[in-house]
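Enquirer: Structure of the sequence below:
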Amino acid sequence: MSPKGYDPIELTRITEKIVVKDNLRKYYRIARPGRWYGGICAADCVGCNLRCVFCWSNYPRDKPDKAGKFYSPIEVYTSLRNCALKYSYDKIRISGNEPTIGRRHLLEVLDLVESDGELYFILETNGILIGYDKSYAKDLSKYTKLHVRVSIKGCSEKEFHKLTGAKPEAYKLQLNALKNLLDYNVSFHPAVMVSFCSKDSLKKLIECLAEIDPRLPSILEPEYVILYPHVVERLKKAGLKPSISYNP
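Expert: Down below sits the predicted model:
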């Protein structure tokens with residue numbers, strides 16, 4: 001791996017070969033209820049194109065060849081739908097790692113959400129692939145039961161590199177994702193991991209968001225690191241100390 005950082009797009013290609021097979025995608029869990037968004041059911045996928053030091057995913061991210069098993073879009077959606085009905089939730093999501101890896105699979109899940117019309121899908125993504133390929137945002141624009149949450153890793157290129165290990169310039173792909181989603185009128189909001197941001201870098205990010213669209217600063221969601229045991233170990237090895245954090 002280059003000392004300047006890895007390329008998330010190249011890591012996507014490597015990971016996709018492991019976790020995607022035609023329209024099948026690897027998951028390590030396909031139905032769990034949660035309190036987020038006022039109640040939501042999640043399926044946890046395997047494999048990511050970033051290596052965030054604060055990430056709560058561990059084995060499924062770092063050992064995608066050994067974690068989970070393959071599921072079809074209908075299997076994933078049916079499991080999520082049944083979970084939502086059981087808990088009287090109206091929202092579902094794919095979480096755990098990066099759901100935009102395996103584009104065909106994700107879009108077929110969204111097709112099922114759209115055709116049923118009963119549930120709302122929250123797409124939690126780092127935005128790398130949406131920022132890299134504008135046609136991804138175009139594909140997402142046809143869904144009326146979709147909201148995208150773009151989780152930005154750090155408030156600057158320097159912080160992005162420190163937190164993810166990726167090459168600093170890849171940070172811009174996350175901001176490009178916001179622009180692409182705006183251009184295609186996709187419902188979304190940005191979030192940012194602020195536990196490691198300086199006041200100055202956060203201020204500059206907010207200014208940058210305002211340049212993209214004046215509404216974005218007002219809907220920016222702050223994220224804070226959760227100190228799971230394996231996250232604590234990662235942070236120690238990286239020499240990072242969060243300014244704000246929470247216990248699990």
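Enquirer: tell me the strands in this protein, going along the chain?
Expert: Assigned strands in the chain, in chain order: 20-21, 24-34, 40-45, 69-71, 91-95, 120-125, 146-152, 188-193, 221-223, 225-226, 245-246 (criterion: DSSP state E).
Enquirer: center of the protein - which residue?
Expert: residue 125 (2.3 Å; Cα atoms, centre = their mean).
Enquirer: Can I get the strands of the chain in TSV including distance to residue 163 and mean pLDDT?
Expert: The way it works is simple: take the backbone N, C-alpha and C, and place the C-beta from them, glycine included. Output for the strands of the chain, formatted as TSV (distance: least, Cβ to Cβ, whole Å; pLDDT from 0 to 100):
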stretch	distance to residue 163	mean pLDDT
strand 20-21	26	98
strand 24-34	24	96
strand 40-45	21	98
strand 69-71	30	98
strand 91-95	19	96
strand 120-125	16	98
strand 146-152	10	98
strand 188-193	7	96
strand 221-223	11	94
strand 225-226	10	90
strand 245-246	14	87
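Enquirer: between those strands, which gets nearest to residue 215?
Expert: Among those, strand 188-193 comes nearest to residue 215, with 9.5 Å by Cβ to Cβ.
Enquirer: tally of neighbours for residue 4?
Expert: 11 (other Cβ atoms under 10 Å).
Enquirer: Roughly how far does the closest residue to it other than its chain neighbours sit from residue 150?
Expert: Leaving aside its chain neighbours, residue 4 sits nearest to residue 167 (5.6 Å; criterion: Cβ to Cβ, 6 or more residues apart in numbering). As judged by Cβ to Cβ, to the nearest Å, residue 167 and residue 150 stand 19 Å apart.
Enquirer: Have a look at those two and say which one is more surrounded.
Expert: Comparing residue 167 with residue 150 by other Cβ under 10 Å, the one with more neighbours is residue 150, at 23 against 16.
Enquirer: need the contact list for that one.
Expert: Residue 150 makes contacts with 125, 126, 127, 130, 174, 177, 178, 181, 188, 189, 190, 191, as judged by Cβ atoms under 8 Å, 6 or more residues apart in numbering.
Enquirer: and the closest residue to it other than its chain neighbours, how far is that from residue 229?
Expert: Leaving aside its sequence neighbours, residue 150 sits nearest to residue 127 (Cβ to Cβ, 6+ apart; 4.2 Å). Separation of residue 127 from residue 229 (Cβ to Cβ): 28 Å.
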